[in-house]
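Chemist: sequence below, structure please.
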Amino acid sequence: MCGIVGYIGPKKVVPVIIEGLRKLEYRGYDSAGIAVVTKDGKLEIRRAPGKLRNLEEVILHSPIEGTYGIGHTRWATHGRPTEENAHPHRDCTGQIVVVHNGIIENYLELKEQLQREGHKFVTETDTEVVAHLVEKNSEGGAPLEDAVRRSLKELRGIYSLVFLSARDPHKIVAARIGPPSVIGLGDGEYFVASDIPALLEHTRQIFFLADGDIAVLTQNGVRVMDHDGSPVERLAHHVAWDPIMAEKGGYKHFMQKEIFEQPRAVRDTLLGRISQDTGKVFLDEMQISEKQFREFEQVRIVACGTSWHSALAGKFMIERLARLQVEVDYGSEFRYRDPILDSKTLTVCVSQSGETADTLAAQREAKLKGSPTLAICNVMGSMITREAAGTVITHAGPEIGVASTKAFTAQLAALLLLASYLGQIRGKLAPAAAVKLMQEFTRIPHKMETILQADESGFYENLARQFFRYTDFLYLGRGIHYPIALEGALKLKEISYIHAEGYPAGEMKHGPNALIDENLPVVVLATRDETDPESVTRYEKSVSNIKEVKARDGIVICIATEKDHLAREASDHIIELPTAPEILAPLLEIIPLQLLAYHIAVRRGCDVDQPRNLAKSVTVE
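Modeler: Coordinates of the predicted model:
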């Protein structure tokens with residue numbers, strides 16, 4: 001989850017690394033540090049606890065210059081976020097440094113062994129042992145990459161590691177098992193980073209290291225080897241993301257910008273994949289044959305966090321359109337319960353980054369049991385996409401805000417594409433119904449834009465002013481709207497630190513009703529599709545829930561379809577949405593919940609883009 005940037009080339013290294021770390025601060029912001037080799041071969045380190053601006057202040061008062069270096073912004077796992085525990089970490093001589101994303105599981109065992117051999121440790125971290133191991137394996141003047149290779153064979157855990165050594169100058173060595181490591185190829189300059197946004201200003205030619213890869217970056221290029229030193233070929237590809245996409249673009253926060261980018265993200269995810277004339281869905285990047293798709297007997301979807309909520313909505317989509325049984329699992333739980341899978345099970349892995357450790361572990365468990373895996377992901381070339389038999393890339397673009405918004409709606413769009421494809425290929429979605437659904441699908445981005453216009457008028461800011469002091473919220477939904485209630489509650493707790501809980505509306509009478517009083521705002525999803533009798537039934541039952549809340553003095557904020565009367569009359573506050581088929585409504589419903597959470601968090605003075613204790617792309621289990 002930590003951010004790593006390394007650079008070797010003709011530019012001044014400190015500004016390149018600091019700006020790269022700024023682009024990666026969403027991955028961790030407990031402390032930051034930089035190591036640079038100066039022109040006279042001296043290794044200089046600057047570190048600071050807290051956010052990146054603290055490190056910049058340190059550098060301002062104690063400047064450093066050099067031609068190559070590495071930097072790090074930390075999400076703490078071992079040791080408090082202090083200057084001492086900040087990366088980069090050094091060996092005994094101060095000549096070798098390392099930055100690390102991940103966890104070294106056997107670090108205590110290695111630390112005790114190294115201490116017996118005379119090594120002195122100064123931090124509480126697991127990372128420091130790696131620096132001392134490389135020091136030990138450098139004895140006799142071994143090249144840095146050879147010392148790293150020998151050291152890695154002693155490590156257990158997951159890691160993205162980047163090394164410098166003043167003893168072996170003009171060289172950066174990177175290694176990966178688990179967390180992502182991206183290599184950027186510029187014009188006479190080379191980069192390594194934890195994620196693509198750090199590189200976009202300089203190059204769009206990149207490749208991801210695979211597990212077991214070791215890369216050596218010099219001023220002459222990049223070479224990749226395995227743990228035995230044998231050369232490995234990794235093909236670079238062009239990233240379509242524009243550097244401007246990773247900037248705020250006049251918005252107050254990245255999260256606000258990314259909420260407003262959702263219509264574009266959904267349009268781009270649909271682009272080239274549907275025919276409005278025939279209703280047919282086209283999925284490329286598939287090694288799974290049409291025959292296999294027809295023969296699957298069940299689907300398992302694995303995901304974490306916000307992606308799990310999109311997966312839960314995907315269950316409703318696939319079961320309704322394809323008539324296939326679907327189970328949804330948390331990636332962190334999946335492999336530990338010995339799931340029952342075989343070749344007749346399609347396992348769908350949903351991950352924004354494609355590097356989520358829990359979801360990767362679940363994907364590998366599924367493959368071991370013979371289940372083909374399909375990835376829904378926002379990053380082509382990431383580990384989950386490389387290991388999948390099929391991929392549906394979402395086109396949300398870089399998402400910098402830690403609390404996911406546009407990646408979530410793009411996942412919903414991708415899951416509906418998959419559900420429609422399965423329904424068509426299995427003969428469960430009639431051609432006429434498919435045409436109607438795809439035509440409605442293409443209208444969704446415009447409807448999203450009309451919802452966003454209410455924010456520009458100050459509607460959500462005024463609503464937040466009335467609710468930012470409350471300490472608890474309850475979110476309710478039925479059917480496919482229940483996952484959206486969960487996601488709405490997650491957004492509020494992530495960025496405003498208000499306790500919020502999502503619940504199936506029908507379960508209120510089985511316990512949660514006890515919570516309702518005049519101090520509990522209840523957000524109810526009560527949209528309806530007049531052409532769908534089941535949707536109308538769910539709507540009517542949700543209106544009954546609203547009346548039950550009001551009978552107990554609760555405060556109701558209702559998300560309803562435009563021109564609604566029953567829910568409006570029963571609720572304290574109403575947010576109207578354009579009409580949409582039931583199965584598409586989640587793409588519209590989530591936007592008011594994101595905006596409500598955003599404005600409440602802003603009103604409370606919270607750090608919206610970098611909420612406490614969180615980081616994006618969780619690459620540790």
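
Chemist: show me where the stretch 151-300 of the chain has helices.
Modeler: 254-260, 262-270, 290-295 (DSSP state H, counting those that start in this stretch).

Chemist: the last one: which residues count as buried?
Modeler: Which is helix 290-295. Neighbour counts over helix 290-295 (16 or more other Cβ atoms under 10 Å) mark 292-293 as buried. (Each C-beta comes from the backbone N, C-alpha and C, glycine too.)

Chemist: which strands or helices does that helix pack on?
Modeler: helix 406-425 (3 or more Cβ pairs under 8 Å, 6 or more residues apart in numbering; DSSP states H and E).

Chemist: got the angle between the helix it packs on and helix 262-270?
Modeler: Between the axes of helix 406-425 and helix 262-270, defined by axes from the mean of the first three to the mean of the last three Cα atoms, to 10 degrees, the angle is 40 degrees.

Chemist: let me have the helices of the stretch 151-300 of the chain in CSV, extended by mean pLDDT.
Modeler: Shown next, in CSV, are these (pLDDT from 0 to 100):
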stretch, mean pLDDT
helix 254-260, 94
helix 262-270, 94
helix 290-295, 95
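
Chemist: tell me which of the ones you listed sits most buried.
Modeler: Of all the helices of the stretch 151-300 of the chain, helix 254-260 has the most neighbours on average by mean count of other Cβ atoms under 10 Å, namely a mean of 24.

Chemist: only alpha carbons, please: show stretch 485-505 as CSV.
Modeler: Extracted in CSV, the C-alpha atoms of stretch 485-505 (Å, rounded to 0.1, in the frame of the first residue of the first chain):
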residue,chain,number,x,y,z
ALA,A,485,-26.9,1.1,0.8
LEU,A,486,-23.8,-0.7,2.0
GLU,A,487,-21.6,1.3,-0.3
GLY,A,488,-23.3,4.6,0.8
ALA,A,489,-22.6,3.7,4.4
LEU,A,490,-19.0,2.8,3.6
LYS,A,491,-18.4,6.2,1.9
LEU,A,492,-19.7,8.1,4.9
LYS,A,493,-17.6,6.2,7.5
GLU,A,494,-14.5,6.3,5.3
ILE,A,495,-14.2,10.0,4.8
SER,A,496,-16.3,11.6,7.6
TYR,A,497,-15.5,9.1,10.4
ILE,A,498,-19.3,9.0,11.3
HIS,A,499,-20.5,5.5,12.2
ALA,A,500,-22.7,4.3,9.4
GLU,A,501,-24.3,0.9,8.7
GLY,A,502,-26.0,-0.5,5.6
TYR,A,503,-28.9,-3.0,6.1
PRO,A,504,-31.4,-4.9,4.1
ALA,A,505,-34.6,-2.9,4.7
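
Chemist: so which bits of it are buried?
Modeler: For stretch 485-505, a neighbour-count test (16+ other Cβ under 10 Å) marks 485-496, 498, 500-505 as buried.

Chemist: filter the residues you listed down to the ones in helices?
Modeler: When the buried residues of stretch 485-505 are checked against helices (DSSP state H), the matches are 485-496.

Chemist: which of those residues sits closest to residue 567?
Modeler: Within these, the smallest distance to residue 567 is 15.0 Å, found for residue 485 (Cβ to Cβ).

Chemist: Serialize the ones in helices among the buried residues of stretch 485-505 to CSV and add fields for pLDDT and distance to residue 432.
Modeler: Output for those, formatted as CSV (pLDDT from 0 to 100; distance: Cβ to Cβ, whole Å):
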residue, pLDDT, distance to residue 432
485, 98, 32
486, 98, 33
487, 98, 32
488, 98, 34
489, 97, 38
490, 97, 37
491, 97, 37
492, 98, 41
493, 97, 43
494, 96, 42
495, 96, 43
496, 97, 45
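
Chemist: of those, closest to residue 163?
Modeler: Lowest distance from residue 163 to those (Cβ to Cβ) belongs to residue 494, with 34.3 Å.

Chemist: from residue 606, how far off is that closest one?
Modeler: For residue 494, the distance to residue 606 equals 10 Å [Cβ to Cβ, to the nearest Å].

Chemist: repeat for residue 121
Modeler: Distance of residue 121 to residue 606, computed by Cβ to Cβ: 37 Å.

Chemist: if you count surrounding residues, which of these two has more?
Modeler: Counted by other Cβ atoms under 10 Å, residue 121 and residue 606 do not tie: residue 606 has more neighbours, with 19 against 15.

Chemist: show the pLDDT at the more buried one.
Modeler: On the pLDDT scale, residue 606 is placed at 95.
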